[in-house]
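K.L.:
no sequence on this one, just coordinates:
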Ligand SMILES: [Zn+2]
């Protein structure tokens with residue numbers, strides 16, 4: 001996605017900022033924690049998140065034995081502005097949606 005690097009300058013050893021359609025995505029690798037965090041802001045957050053995660057999936061899928069989880073931060077009142085929110089597994093949330101379960105309890109706030 002090199003053509004989308006913000007102003008062709010926002011890139012450093014462990015991360016970058018992508019810019020596309022009035023939307024920005026910050027992608028940072030936390031090597032010691034074995035995490036990659038993606039934050040999006042702007043007009044088309046969902047679209048850019050889909051593009052970034054699709055590209056990451058392609059990279060991940062090129063390693064046959066690599067196991068990873070996709071985690072979504074909780075958006076409850078306690079977690080929303082927290083540096084350490086509760087995380088849900090994306091797969092679990094999707095299963096819940098498929099079974100029309102629209103509520104899930106936060107492990108931290110129990111809301
Ligand atoms: Zn929460």
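P.N.:
Received the coordinates, thanks. From a predicted model like this one, the values you see are computed outputs, not experimental measurements.
K.L.:
which strand residues bridge the spatially most central residue of the chain?
P.N.:
Most central in the chain under Cα atoms, centre = their mean is residue 38, positioned 4.2 Å from the mean C-alpha point. Beta-bridge partners for residue 38, by DSSP bridges, are residue 27.
K.L.:
so it makes contact with residue 53?
P.N.:
Yes: using Cβ atoms under 8 Å, residue 38 is in contact with residue 53, at 7.2 Å. Placement of C-beta: from N, CA and C, glycine included.
K.L.:
break down this structure into its helices, ranges please.
P.N.:
For the chain, applying DSSP state H gives helices covering 45-61, 77-80, 90-98.
K.L.:
pipe those into JSON lines and attach mean neighbour count per row.
P.N.:
Below are those laid out as JSON lines (neighbours: other Cβ atoms under 10 Å):
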{"stretch": "helix 45-61", "mean neighbour count": "14"}
{"stretch": "helix 77-80", "mean neighbour count": "13"}
{"stretch": "helix 90-98", "mean neighbour count": "12"}
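K.L.:
show me which residues of the chain sit near the ion.
P.N.:
74, 76, 79, 86, 106, 109 (Cβ under 5 Å from the ion).
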